[in-house]
Structure formats: structure tokens, C-alpha cells
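Undergrad: whatever this is, show me its structure:
(one chain, ligands or ions: 1)
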Amino acid sequence: MCGIIGYVGQQAAGPILLEGLQRLQYRGYDSSGIAVLDHDGALAVLKRAGQGALADAFPSAESIAAGRVGIGHTRWATHGGVTDRNAHPHSSTAGDVVVVHNGIVENYRALRDQLIEDGAEFVSETDTEVIPQLIAHHLRQGSDFPTALRATMATIEGGNSVVALHASDPQRLYAARKGNAGGIVIGFGEGEMFLASDMPALIPHTNRVRYLANGETARLSSAAVEIWDSDGNAAPTEPESIPLDPVAVAKGPYKHFMLKEIWEQPRALSDTIRGRARVDPGQVVLEDVPLSDDDLRRLRRVLIIGMGTSMHAGMLGRAYIERLGGLPADFDNSSEFRYREPLLGPETLVVSISQSGETIDTLGAMHHVKEAWNAPQITVCNVPGAATTRITDGSAIYLRCGPEIGVASTKTFTASMAALYLLACRIGVARGHLQPADLDDALGTLLAVPSLVDRMLQQSDRYEEIASQLPEASNLLYLGRGLHYPIAMEGALKCKEISYIHAEGYPAGEMKHGPIALIDRHTPTIAIALRDALYGKMCSNIQQVKARDGVVVAIGTEGDEELAAQVDHFIPVPATGELVAPFATAVPAQLLAYYLATLRGADVDQPRNLAKTVTVE
Ligand code: AGP
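TA: From the prediction side, this is the model:
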């Protein structure tokens, strides 16, 4: 989950590291730290617990000024509390080996005991500290640094990425990756090189990158990069060029990245759909999905996996694949799925969804599918070349949303829904479930989604006003049925993660089986009740809440005066195709959560205890 940055070149490393860490704070921000080396081998470490504390201490840290080589880290605590001591970088007992780390050293207790027996002194409670100690141990045995680092990576268990400095080698920087935890990307500059846990940190510097593969170690100087595989054989170092728009990562006029990303949805959805949905005659083009019509006809089932918001998109994907694809479909939470024996086979298509493409639970589930079942896989992902796309050998539907910085996912939620809708159409056509006219209709409706979402955004002031009129609540319920049940789940997740109000999303039919006991005038309910096949049942559920003094915000069909008169607040949704209506109802679900959070003064982009990308189990 943590953010890592490294620099070697002619410029002062400190400010570059600090700026990189600021860009990476969405990965973790419990504490942060940097270590720099000057050309004489003098090492300086500065680390602080607390958000912003490093930046405050930095100007007076003169020892940092001379370093032209350095590493930095922003932490999401796993082992050991949020303290200065537990902040990275961590050092060997002699202080000459310094590392930053992402992942969990699963066997650290045994290693620590062994190292203490050998004379090492530990100062933190972290698992990380065994890494510099182990490297130092191997150096003392006579290994050179790359060999010592490789031996260390072979000894530690779990998925781990490490970036290191050695005081006796003051013009170089080292990195290593093992397993699926996080990633390391090398950035190639002119007379300077960079390392980062992911791309946003490199955006101001370079778009020429090389991702470190599982098992590789690297050595960087200002002029050259060397890479070795896990056996110590030289590996190719050629960088690839990644297109990046630096403006896309700036907040622009928005107060928060989350708000910017919510407003970006019409553009993001257009980018996801563009060139893939063609009408008259209808055609779906999924350029990176190599499955032929015959492959799709052989399928008997689709299983969708993901975590959090991505799983909620997968819930809708299930409905799309059933309705448009004509195939049985299901969804599962990756972290549960990976430890089951799900009895898949070559006739089940597994579709994983991961904005980052780095979520450890989803990667684990995908490996499980590949190794145990060899079922065909596609991934829905926002980051070109991410780990998920490597597991599927490139079989992917890229969201093309641009970087999502807010910890709370928004634009990638609706874009994932659009990607799954396209996939469902593709399956439906191949299997003869959708006739040409049906396909034309389905795609025409999808092409209108960006403007539908835009219309919902234009009511933003109304959502803010409603949020301000809700009672000071410590509990909230989101209710929906059918296609809007996943939106209820997603609305509740947004609310929990950014406003810290306890919120639950339920299928409305479940209310009477327990949750209705929570209803009183202090527990508002957000109910999605469009004029669709389930409208009558949703209205009954709303009545049941009203009968118990509950405050109701209804998201209903424009012009539904009858419903508007029964509830406390009414949010109109333009009449639209049933299958795309969730794109519309997602917007007030997101913005109500956003305004509830800002009204409480919460830090929307960096909510407590969370990180954007979850790379530990
Ligand atoms: C949602 O707002 C959260 N950020 C979280 O639930 C997220 O969707 C989940 O961690 C999955 O991330 P991924 O899409 O990058 O795999």
C-alpha cells in the first residue's frame, strides 16, 4: 500500500523525493521519510509520523541538502504503530544500508530472532527492518550489493518491493521486487534515473519507464540501468513510452480530486466507450480481448471478481451479462474467491475488475484461476501494463479514464460498468442472444450515457443542499432493488469511507428481515425508486420507512410527483433505458456522500486508515 520514490542524478534529491511523496500520498500517509546520500557517502535520514510532518521538518534539515541520490517512502502502517521510529527508511545496525519497502515480510519474526542472535540491533517494531539487516549480513559475508539484495529477497517470504541505498556505493540506487505486492517502475531521464511504486510520482520527470518484473533486481546510476532476474542473469532494460497527461493529475479548479473525478465522468465514459460501440450497424470492438466468436460461444458461465467499488461494478456486470449476453453470470469478492475451490473450467470466463490492476486480493484470485483452473480470463483495468493485465497476457478492457487520485473511486466505477456493458453486448452478439436491431438499441443507449451523467451532474447544488438538510446522523441506509442494489451498496461505501458515517446498502427487500429495526428519525434512508418493474415494491419499502419516522431521500424518475410528495427530498432522474439508469443514479449516490463528508470537514481525498491501492492482505 505504501508509496516509494527514488532518485539518482545531478540535482538535489531531497526536493524531488518530497514532491514525489506528495504525489503518492494516496497510497498511504501515516508517516513518511527520506534518505539521501552525498557523493562522499554521507547518509542523512529524515522521517516523521503524521501527515505533512516531513514537509514541515524538511526546510531545516541541512544534512539533506547535498545528496544527489535518495529514496523516499510514504507509509500505510501494517506492522508497528504510527511513530517516527516505525516510519521508513529503515537502516542496518551500522547505518550504512538503508531501505524503503512495500509489502509484508511474512517470516519477519523468525528472521528478526535469528539476526538478533547474530548481533543485529533493532530499533523499530516493523517487519521492514529485517531487510537492511539481512542485506548487511550478506555484505559482511562477502557478497556484492546486488547479490546481497537478491539473497535477501529469496529469504523473505510474501510479496515485497524494496528500494535501497548503500553508503559505500554513493552514486547508485537499488531496487528489487518479489511476488505481487505493489510494483516498482524505473523512470529513465536525461542524466538522471527515478524509481517509484507507481506512475503518478514520475509524471513531472519522464514517461519512459520499465516495470520491474517479479523476481528482478535493478541497479541505477545517473547514466545507466542494469537489471537481473532472480538467478542473477542480466535482463533487458529497454524502457517503454507511456502516454501521460500531466494536467490530468492536477486538481484544476476542484476542491478535491474526488470532486474533479466525479465531474470527469462524462468525459471518462466517452473515452471508455469511444471506438468500441458502433451503431448502424451495431458492432462492439474490444481491441485487447482476443476471444473469438467461437470462444465466446463455447462459454457456459461468466464469473466476475473484484474488491470494493470494483466488485460493485461487477454486481452490475452480472446483470448485464445475463440480460445482454444471455449467459449465466455471477460475481464474487476476490479475497473470498481466492481461498475457495470454485470448480471452474475452460467454459467459465473469469472477468476481474481492478482500477489499479495492483490489488493483492484480485491478483491472488487471478493467479488461483490461472494455476488451478486455467480458465480464460479478461481484466477490466485503468492502468496500462498493470499487474492484472500481465496475468491475462494482455487480455484487457482498458478504462482509459486517466489517473484516479481520490482514494474513493468514482469515475472508474461508472467506466467499469460501461466496460462490462460492452463485454456483455460482445458476448450477446457472438452467441446470437442479441439480434442486430437489439445490439443497435443497446449500443445507442450506451452512447447516450455520457450526456445522461452530465445532466445528473448539473443538479449538484441540489445534492449539496439535501446533504446539508439531513439530520446529524451516525447511521444511514441506502436501499435499491435490481440494477440499483449495487448502486445502493456503492453509495453506502462512499459514505463510509469519506464521511465516516456508518452506512449500509441493502436490497430493499431485505429491510424487513432485520435492518428496519435501525430506522428512526435520526437515520436517513436514501432510496432509489425509478419507474421500472420494481417501482411498486420500492414504494412499499419507502412507506415502511416513513411509517417509522425515517427521513427519506428518494432518487426517482423525473416528473414522479406522487413519489416526490411522499418523501422528504426528491432527486429526479431523466427517463432513460432501464439498463443504463444505474449510471444516472450513481451520480447522486457519489455526490451525497461527498457533500456529507465536506460538511463534516473530512479529508475527502485522503480518508483515515485507507490507501488507494491495497497491496497487502
Ligand atoms: C473504493 O472507493 C475504494 N477505493 C476501494 O473499495 C477500491 O475500489 C478497492 O480497493 C479495489 O481497488 P481496485 O479497483 O484498484 O482493485
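Undergrad: contacts and neighbour counts: CA atoms only from here.
TA: OK.
Undergrad: ok, residues contacting stretch 334-344?
TA: Taking Cα atoms under 8 Å, 6 or more residues apart in numbering as the criterion, the residues outside stretch 334-344 that touch it are 305-307, 361-362, 364-366, 368-369, 373, 375.
Undergrad: report the entries of those that also contact the ligand.
TA: Restricting those to those within reach of the ligand (Cα under 6 Å from any ligand atom) leaves residue 307.
Undergrad: could I get the contacts of stretch 334-344 as CSV with neighbour count, distance to residue 456 and secondary structure?
TA: Formatted as CSV, the contacts of stretch 334-344 follow (neighbours: other Cα atoms under 10 Å; distance: Cα to Cα, whole Å; DSSP: H, G, I helix; E, B strand; the rest coil):
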residue, neighbour count, distance to residue 456, secondary structure
305, 30, 29, strand
306, 29, 27, strand
307, 23, 26, coil
361, 23, 33, helix
362, 26, 32, helix
364, 19, 37, helix
365, 22, 36, helix
366, 27, 36, helix
368, 18, 40, helix
369, 22, 39, helix
373, 16, 43, helix
375, 17, 39, coil
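Undergrad: which of the contacts of stretch 334-344 lies closest to the ligand?
TA: Sorting those by distance to the ligand puts residue 307 at the head of the list, at 4.5 Å, by Cα to the nearest ligand atom.
Undergrad: quick one: contacts for that closest one?
TA: Taking Cα under 8 Å, 6+ apart as the definition of contact, the neighbours of residue 307 are 333-335, 353-354, 361-362.
Undergrad: which one of these is nearest the ligand?
TA: Of the contacts of residue 307, the one sitting nearest to the ligand (Cα to the nearest ligand atom) turns out to be residue 354, at 3.4 Å.
Undergrad: I'd guessed that closest one sits against residue 306; true?
TA: Yes - the pair residue 354 / residue 306 is scored as a contact, 6.3 Å apart, by Cα atoms under 8 Å.
Undergrad: quick check: phi and psi at the closest residue to residue 501 other than its chain neighbours.
TA: Nearest-residue entry for residue 501: residue 474, 5.3 Å, with adjacent residues in sequence omitted and distances by Cα to Cα, 6 or more residues apart in numbering. For residue 474, the backbone dihedrals are phi -110, psi 0 (criterion: degrees, to the nearest 10).
Undergrad: what is the burial count for residue 474?
TA: 12 (other Cα atoms under 10 Å).
Undergrad: would you mark the buried spots in the lowest-mean-pLDDT helix or strand in the chain?
TA: Of all the helices and strands that make up the chain, the one with the lowest confidence by mean pLDDT, DSSP states H and E is helix 53-57; it has a mean of 83. Buried positions in helix 53-57, judged by neighbour count with 16 or more other Cα atoms under 10 Å: 54-55.
Undergrad: that one packs against which elements?
TA: In this structure, helix 53-57 makes packing contacts with strand 31-37, strand 43-49, judged by 3 or more Cα pairs under 8 Å, 6 or more residues apart in numbering; DSSP states H and E.
Undergrad: related to what we said a few turns ago, closest to residue 499 among the contacts of stretch 334-344?
TA: When the contacts of stretch 334-344 are compared for distance to residue 499 (Cα to Cα), residue 307 wins out at 20.0 Å.
Undergrad: which residues touch the residue in the stretch 201-350 of the chain that the ligand sits nearest to?
TA: Residue nearest to the ligand within the stretch 201-350 of the chain (Cα to the nearest ligand atom): residue 308, separated by 3.2 Å. If you count contacts by Cα under 8 Å, 6+ apart, residue 308 has them with residue 493.
Undergrad: before we move on, what about residue 464?
TA: Taking Cα under 8 Å, 6+ apart as the contact definition, residue 464 lies against 591-592, 595-596.
Undergrad: much appreciated, bye for now.
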